[in-house]
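[1] show me the folded form of this:
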Amino acid sequence: AEAAVLKEGEADTAAGSEDSEAAFWSAITTDIDRANDLDFAPDGTTDEEEEKKALVEPRQVQVPLVKSPGTMMSNIRALAAVNNDDVVLDLGCGDGRVVIEAARQGARGLGIDYSRVLLALCRRRAAKTLDASAQARVRFLERDFRSIADDPAFRCATVIYTYLLPEIMSLLRPVLMEAVERGVRVVTFYYHYDDIKATDEDLFGMLRLYAKEKMRKGVGENGWEEEEEGHG
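    Below you'll find the model as predicted:
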């Protein structure tokens, strides 16, 4: 009987957490976004087939699909001191691996991309690989980078990750640097702003952090990395 009561309490806690997540996402998304939440890549197709479709998908701006390393979220977590209160935004989320892993590890994960095909694939992958509580912490949204500055879905982010070509990085520079001034931690992979001194770096300089202060690495609560006291 006691075990049954404990299980019932855990179920109530999980339901409350999912309701809280739903309220958070509702505040920053549109009716169209919420309708698109039901758009999944067909189960009868492979990820590779969907990725090929995305490469020929009609779009105003063509951006190639280049995947981040599978362990990238662990590096981002350490470099930017990500914790469970953070919203990790992947601009140009591709197959969704960084966003999915952020949610798996306890943060909210938000993926933004131009490609409806890739976004549908991301939703299918999240549904297949995450449990219900982690799925509640994930969203994949269609957005145009050229008009993202005042979008609530952009401004809710506390950590922003990019793996984008130089021309897209140049386009995003004003909004990303404004985000840094607001206290957002921006992490760039491979393509950076070389004329701006990075706050910190990892992977031999291939992963760079732009932030108002350096995030020192020390193991904190929930297995996340957090800033150590006494370091500037």
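
[2] got the residue ranges for the strands in this structure?
    For the chain, strands defined by DSSP state E occupy the ranges 87-91, 108-113, 138-142, 159-162, 185-189, 200-202, 207-210, 218-219, 225-226.

[3] show me what contacts the most centrally placed residue in the chain?
    When CA atoms, centre = their mean is applied to the chain, the residue found nearest the centroid is Leu89 (3.3 Å). Residues near Leu89 by CB atoms under 8 Å, 6 or more residues apart in numbering: Leu110, Gly111, Ile112, Ala153, Phe154, Cys156, Ala157, Val159, Ile160, Tyr161. To be clear about C-beta, it is placed using only N, CA and C from the backbone, and glycine gets the same treatment.

[4] quick one: those residues as a markdown table, columns for distance to Gly94 too.
    Below are the contacts of Leu89 laid out as a markdown table (distance: CB to CB, whole Å):
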| residue | distance to Gly94 |
| --- | --- |
| Leu110 | 14 |
| Gly111 | 8 |
| Ile112 | 11 |
| Ala153 | 17 |
| Phe154 | 18 |
| Cys156 | 20 |
| Ala157 | 17 |
| Val159 | 17 |
| Ile160 | 15 |
| Tyr161 | 11 |
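
[5] of the residues you listed, closest to Ala27?
    Using CB to CB, Cys156 is the member of these that sits closest to Ala27, with 8.2 Å.

[6] can you get me a residue count around the closest one?
    For Cys156, the neighbour count with other CB atoms under 10 Å is 16.

[7] do you know how far it is from Glu50?
    For Cys156, the distance to Glu50 (CB to CB, to the nearest Å) stands at 27 Å.

[8] same deal with Val98?
    Separation of Val98 from Glu50 (CB to CB): 18 Å.

[9] more neighbours: which of those two?
    Val98 (25 against 20).

[10] now render the strands of the chain as JSON lines, adding mean pLDDT.
    Converted to JSON lines, those look like this (pLDDT from 0 to 100):
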{"stretch": "strand 87-91", "mean pLDDT": "97"}
{"stretch": "strand 108-113", "mean pLDDT": "97"}
{"stretch": "strand 138-142", "mean pLDDT": "96"}
{"stretch": "strand 159-162", "mean pLDDT": "98"}
{"stretch": "strand 185-189", "mean pLDDT": "97"}
{"stretch": "strand 200-202", "mean pLDDT": "95"}
{"stretch": "strand 207-210", "mean pLDDT": "97"}
{"stretch": "strand 218-219", "mean pLDDT": "40"}
{"stretch": "strand 225-226", "mean pLDDT": "40"}
